[in-house]
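In: Got a sequence here, can you model it:
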Amino acid sequence: MNLKQEPLPQIHLVRDTDLGVFAYELHILAGDFLRDSEYNLRTLATNTGADSIAVMGKNHMWLSDALLAYCPSAELYRTAAMTEYPGARAFLFHTERKEDGRLYGDVLMMGLDTLRQDIERNTLYPYGVSMEYRDGTKAEVAIEKWESMELCEKDALKTWRYLYAPEQVTEWQYRYSNRFSQWKEQAFSYMPQDLEERLNVEYMEEAQNPDTDMYRIPLGTAKQMLLDGGPVYRLFPGGPEKLLPIAAVTGLWYENYREFAVTPEDLGALDRLVRRETDRIMGIRPQHDKLQERRPSPER
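Out: Have a look, this model is predicted:
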């Protein structure tokens, strides 16, 4: 099967994978989302629920509790609603278990429009707002009252949050769980590295001087790899050229050609960087005896 020629099906499934590693790799192999990686991975690690959703647009990725994608008051809902990039995608993470601080479970990838349609049918609306004034006084008001309040009144509050009926949230959780299962049944299964490769081909093809025999990486990742002594190439019009490690500190980043790549043979070094960064961001103590390169060097 030629992965580069086969069209992507509507829904993709990655089964029983390290969710933190997969999420971090999305931030560097599907585009340059490094600026969002720390917030998103910490959110994934601290989510008390089993389900998280990430919305990937052109330049940003936002990850949060799946429930918040269905709440108009939440940033994730607004991100899903307002993202206009035609190639926007949604990634649905479901945690099955935790081992040595790592989260394992399934991931669904779909076009953002597929998720939007489900959100429109199952949007959760708050019944009121819980408020705390600066003197410590607390109160609750109906949503109609809240919407009629002046902006200066809201600014005077210490904190506030929307209130949702517990039975409404429970019903949503049950329905979302069923919907996730239905989507899994419709999905095409991929190994994580195969799906990442397909996404990386798209990222590489957007480069000014693409080389589809290599894996494109963001500038920040290139600098990290060079500091580690790993091999990195700059994508020039005449073909990729290997950079010396000193390039990480000599200011070459400010030249005209600021697109970088690694060869399939060097994916092991990239895997080690990903594992180290995932451990750092998610607060995981590295299991040195368990560190292994996740994949052989693929042909591309």
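
In: list the contacts for residue 45?
Out: 20, 103, 281-283 (C-beta atoms under 8 Å, 6 or more residues apart in numbering). Every C-beta, even on glycine, is put in place using the N, C-alpha and C of the backbone.

In: That one: what secondary structure?
Out: helix (DSSP: H, G, I helix; E, B strand; the rest coil).

In: before we move on, what about residue 92?
Out: Using three-state DSSP, the structure places residue 92 in strand.

In: Repeat that for residue 267.
Out: At residue 267 the chain is in helix, as set by three-state DSSP.

In: same question, residue 15
Out: Assignment for residue 15 (three-state DSSP): strand.

In: Now for the closest residue to it other than its chain neighbours: which residues touch it?
Out: Among residues not flanking residue 15 along the chain, residue 106 sits closest, at 5.5 Å (C-beta to C-beta, 6 or more residues apart in numbering). If you count contacts by C-beta under 8 Å, 6+ apart, residue 106 has them with 13-17, 93-94, 96, 184.

In: Pull up the gap between residue 106 and residue 155, please.
Out: Counting by C-beta to C-beta, to the nearest Å, the gap between residue 106 and residue 155 amounts to 42 Å.

In: now the stretch 201-300 of the chain, which segments are flagged as low pLDDT?
Out: Scanning the stretch 201-300 of the chain with the threshold set as pLDDT under 70 gives 248-249, 251-255, 286-300.

In: Please spell out the ChimeraX selection for the buried subset of the contacts of residue 45.
Out: The following ChimeraX selection, which keeps only the buried ones among the contacts of residue 45, applies the criterion 16 or more other C-beta atoms under 10 Å:
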select :20,103,281,282
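
In: which one of the contacts of residue 45 is nearest residue 235?
Out: residue 281 (27.4 Å; C-beta to C-beta).
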